[in-house]
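[1] coords please:
(one chain, ligands or ions: 3)
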Amino acid sequence: MKIFTTKQIAEIDQYTIQNEPIADIDLMERASLQLVNWLIHRLSNERKLLFFVGPGNNGGDALSIARQMADCDYSCEVYLLDFGKGLKGSPAINWQRLVEQGKVKLVKIASEADFPEIPADAVVIDGLFGSGLTRPLDGLAESLVVRINDRGAMVVAVDIPSGLFGEDNSQNDLSKVIRASHTLTFQFPKLSFFFPEHEQLLGDWEVLPIGLHPEAISTMRTPFHFLTDKYITSLIRPRGKFSHKGTYGHALLIAGSYGKMGAAVLASKACLRGGTGLLTSHVPHTGYGFIQSCVPEAMCSIDASDLMFTEFPDLKSFSAVGVGPGLGCKSNSQRALKELLLANPQKLVLDADALNILSQHEDWYGLLPKNSILTPHPKEFERLAGETADSWSRLLLQQWFSKNHGVIVVLKGAHTCITFPNGQVYFNTTGNPGMATAGSGDVLTGLILGLLAQPYSPEEAALLGVYLHGLAGDLAMKQYGQEALIAGDLIDHFGKAFLELTK
Ligand SMILES: NC(=O)C1=CN([C@@H]2O[C@H](COP(=O)(O)OP(=O)(O)OC[C@H]3O[C@@H](n4cnc5c(N)ncnc54)[C@H](OP(=O)(O)O)[C@@H]3O)[C@@H](O)[C@H]2O)[C@@H](O)CC1
Ligand SMILES: Nc1ncnc2c1ncn2[C@@H]1O[C@H](COP(=O)(O)OP(=O)(O)O)[C@@H](O)[C@H]1O
Ligand SMILES: [K+]
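    Ligands and ions are numbered 1, 2, ... in the order given. The predicted structure is shown next:
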């Protein structure tokens, strides 16, 4: 599904008004009704609703919600911050409708003295500013937001927490942004919802469809997307009746070193469960018995070194190569990695220490085969590409890195972000904090390798792998909860994850 900038959303909004066609005030009513439905299903009408309303359409939405909630017997108070300029257009109509309805206390805020008490059990509806925010908050708006945040009441943000920009918050002061418990956003999530530093501002966020014009949505171009079940399912290729293990490729996994053989075992198992026809796991001599007994389905290639990666088998027989989990960064392994890059494997996934070694040799970046998949966590990405001050800047850097080096970057996190050499960006929507546990990255590398070998294209393997890995995490969480979940549980749930998508 596409993610649009707030400017593009405003264009889609206008297109809908002109081409559905629908009057601006009626679109606002339709959007507000979605929020009203959400509120009614979750809040008892014994709770007082305090609406904080700004001068634009976000405020207009809040006014409409207040009227509809009052009609459903909720006790509502409206506090308008219009900077003395007066409302225009649909917000003005909604104000007038409230006046005529006569059920809601209406207060205009002209100074801090007009700020109301906010009881701890009240619910604040934040309709101060939405996607039309033009600058960071200051003055009266800033004091009001700080006051609301200080009170600790439940806050439901309309469309976006007031003060937060939809995309670039690098110049914003996040202490001046509403801290919502829930954010109910219209039709599309905003890009800034996928960034970790905004978690406390957004609370739980949900997308409410408001029937914007499908033609505008399909023709509007954007590099930004988020992954859905439907899209991922469309990538999965059913197996042919007469297919055999040769049909599904032969993966080579280079992993493990003395003391870190577990990473090789996890990645090997994940690779097999990802569906590769054959797997050879290349490990140092010391890991031979361990791999053979823990992963009997894998063939074993033994390094000349007892302790680490120093060589690799002829690549001719392999349809994809994965390197990195538990590898270590010793100089002999560094040399071997360079040789591997020079051998130019057609399909390559690099993780963990392979990335750490790479980041020590920027002059090797040019050796990366086109469309190689790199799976750094944020620290590994920083080592590879440099430091950034915030997630927006990091996203731009990641996009640039992919384009400049012709590689796919899978930046791991709560919303793993995948960037392609053509500039496209995908955010993952599966997974949970239970996956923040040792070895879950090794499992992802193995899974992506298993898909890459089959052969899925590098783009498909990256998207499918990330989504399935998170989905397996969500299924495993149902069984173990988050604390007790360990990386091996993810592998045990790959089967269910595939079945869930193809049922
Ligand atoms: N398609 C959809 O998704 C639909 C969207 N809808 C809704 O519309 C919302 C967007 O509405 P919007 O464009 O009117 O902008 P909004 O956020 O209300 O604020 C603009 C006002 O705030 C002012 N202002 C800005 N920054 C400021 C600051 N720092 N400090 C002080 N003032 C500041 C600015 O004034 P100015 O910058 O000119 O000084 C202007 O007066 C969207 O979030 C959603 O809720 C739905 O109704 C239906 C369909
Ligand atoms: N809070 C979270 N929500 C969703 N997924 C997470 C979360 N924390 C970690 N993960 C996932 O777990 C994996 C962790 O990878 P990594 O940091 O490389 O772990 P390791 O090095 O232990 O193998 C990534 O795929 C990441 O997306
Ligand atoms: K808002």
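
[2] Just the pLDDT at the spatially most central residue of the chain, thanks.
    Centroid-nearest residue in the chain, with Cα atoms, centre = their mean: His415, separated by 2.5 Å. Note on His415: pLDDT of 98.

[3] please renumber so the chain begins at 54
    Sure, I'll start numbering at 54, so the last one becomes His468.

[4] where does it land in three-state SS?
    At His468 the chain is in coil, as set by DSSP: H, G, I helix; E, B strand; the rest coil.

[5] My understanding was that it contacts Thr483; is that so?
    No: in this structure His468 lies outside contact range of Thr483 using Cβ atoms under 8 Å: 9.6 Å. No exception for glycine: its C-beta is placed from N, CA and C like everyone else's.

[6] Next up, the contacts around the nearest residue to Gly107 once chain neighbours are set aside.
    The shortest distance from Gly107 to any non-neighbouring residue, by Cβ to Cβ, 6 or more residues apart in numbering, is to Leu181 (4.0 Å). Contacts for Leu181 (Cβ atoms under 8 Å, 6 or more residues apart in numbering) come out as Phe105, Val106, Gly107, Asn111, Gly112, Leu134, Ala194, Leu197, Val198, Ser215, Gly216, Ile231.

[7] Pipe these into CSV and attach secondary structure per row.
    Compiled in CSV, those are given as follows (three-state DSSP):
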residue, secondary structure
Phe105, strand
Val106, strand
Gly107, coil
Asn111, helix
Gly112, helix
Leu134, coil
Ala194, helix
Leu197, helix
Val198, helix
Ser215, coil
Gly216, coil
Ile231, coil
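
[8] Which other helices and strands does the host helix or strand of Leu305 contact?
    Using DSSP states H and E, Leu305 falls within strand 303-307. Under the contact definition 3 or more Cβ pairs under 8 Å, 6 or more residues apart in numbering; DSSP states H and E, strand 303-307 sits against helix 314-326, strand 331-336, strand 373-376, helix 493-505.

[9] Tell me which of these approaches ligand 3 most closely.
    helix 493-505 (35.1 Å; Cβ to the ion).

[10] Quick one: mean pLDDT over that closest one.
    Mean pLDDT, computed over helix 493-505, is 98.

[11] what's the answer for stretch 447-461, then?
    98.

[12] List the buried residues of that stretch.
    Arg447, Leu448, Leu450, Gln451, Gln452, Phe454, Ser455, His458, Gly459, Val460, Ile461 (16 or more other Cβ atoms under 10 Å).

[13] is it true that the second one touches Ile471?
    No: using Cβ under 8 Å as the test, Leu448 is too far from Ile471 to be in contact (11.4 Å).

[14] quick one: common contacting residues for those two?
    Val478.

[15] any chance of the contacts of Leu181 in TSV, plus pLDDT?
    Below are the contacts of Leu181 laid out as TSV (pLDDT from 0 to 100):
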residue	pLDDT
Phe105	98
Val106	98
Gly107	98
Asn111	98
Gly112	98
Leu134	97
Ala194	98
Leu197	98
Val198	98
Ser215	98
Gly216	98
Ile231	98
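
[16] So for ligand 2, which of the helices and strands packed on strand 303-307 sits nearest?
    helix 493-505 (2.1 Å; Cβ to the nearest ligand atom).

[17] Alongside ligand 2, which residues does the chain contribute?
    Contact residues, the chain versus ligand 2 (Cβ under 6 Å from any ligand atom): 430, 465-467, 469, 484-486, 488-489, 491-495, 497, 522.

[18] which of those residues are buried?
    Taking 16+ other Cβ under 10 Å as the criterion, what is buried in the residues of the chain next to ligand 2 is 430, 465-467, 469, 484, 488, 492-495, 497, 522.

[19] Could you list the domains of the chain?
    The chain breaks down by automatic domain parsing into domains covering 59-275, 282-290+300-555.

[20] Deepest-packed of the ones you listed, please.
    Comparing the domains of the chain by mean neighbour count (mean count of other Cβ atoms under 10 Å), domain 282-290+300-555 ranks first with a mean of 21.

[21] So what's the gap between that domain and the chain middle?
    18 Å (Cα atoms, centre = their mean, to the nearest Å).

[22] Any idea how far apart the tips of that domain sit?
    From its first residue to its last, domain 282-290+300-555 covers 10 Å (Cα to Cα, to the nearest Å).

[23] Quick check: Val176 touching Arg204?
    No: using Cβ under 8 Å, Val176 is not in contact with Arg204; the gap is 11.4 Å.

[24] tell me which strands and helices the strand or helix carrying Trp148 is in contact with?
    For Trp148, the element it lies in under DSSP H and E is helix 142-154. Contact here means 3+ Cβ pairs under 8 Å, 6+ apart; on that basis helix 142-154 packs against helix 77-95, helix 110-124, strand 158-161.

[25] Next, the angle from it to helix 77-95.
    Interaxial angle, helix 142-154 versus helix 77-95 (axes from the mean of the first three to the mean of the last three Cα atoms, to 10 degrees): 60 degrees.

[26] Distance from helix 142-154 to the middle of the chain?
    Chain-centre distance of helix 142-154: 38 Å, with Cα atoms, centre = their mean.

[27] For Met122, see how far away the nearest residue to Leu255 once chain neighbours are set aside is.
    Of all residues not flanking Leu255 in the chain, Thr236 sits nearest, at 4.6 Å (Cβ to Cβ, 6+ apart). Applying Cβ to Cβ, to the nearest Å, the value for Thr236 to Met122 is 18 Å.

[28] ditto for Ala145
    Distance from Ala145 to Met122, counting by Cβ to Cβ: 20 Å.

[29] and if you look at Leu227?
    Applying Cβ to Cβ, the value for Leu227 to Met122 is 29 Å.

[30] Please identify the residues of the stretch 54-203 of the chain in proximity to ligand 3?
    Residues of the stretch 54-203 of the chain lying near ligand 3 by Cβ under 5 Å from the ion: Asn111, Asp179, Gly183.

[31] any idea which of these is the one closest to ligand 2?
    Among those, Asp179 lies closest to ligand 2 (Cβ to the nearest ligand atom), at 25.8 Å.

[32] Closest residue of the stretch 454-556 of the chain to ligand 1?
    When distances are taken as Cβ to the nearest ligand atom, the stretch 454-556 of the chain reaches nearest to ligand 1 at Phe480, 19.3 Å away.

[33] Now do the contacts for that residue.
    Residues near Phe480 by Cβ under 8 Å, 6+ apart: Ile56, Phe247, Phe277, His278, Phe279, Leu280, His468, Thr469, Cys470, Ile471.

[34] what's the burial count for the fourth one?
    If you count neighbours by other Cβ atoms under 10 Å, His278 ends up with 16.

[35] and the nearest residue to it once chain neighbours are set aside, backbone torsions?
    If the residues on either side of it in the chain are set aside, His278 comes closest to Tyr479, at 4.9 Å by Cβ to Cβ, 6+ apart. Dihedral pair for Tyr479: phi -130, psi 130, per degrees, to the nearest 10.

[36] Surely Tyr479 is in contact with Pro276?
    No: Tyr479 is beyond contact range of Pro276, at 9.5 Å (criterion: Cβ under 8 Å).

[37] and the longest helix along the chain, what other elements does it pack with?
    Using DSSP state H to define each element, the chain has its longest helix at helix 511-533. In terms of contacts (3+ Cβ pairs under 8 Å, 6+ apart), helix 511-533 is packed against helix 282-288, strand 426-427, strand 461-464, strand 470-472, helix 493-505, helix 540-545, helix 547-555.
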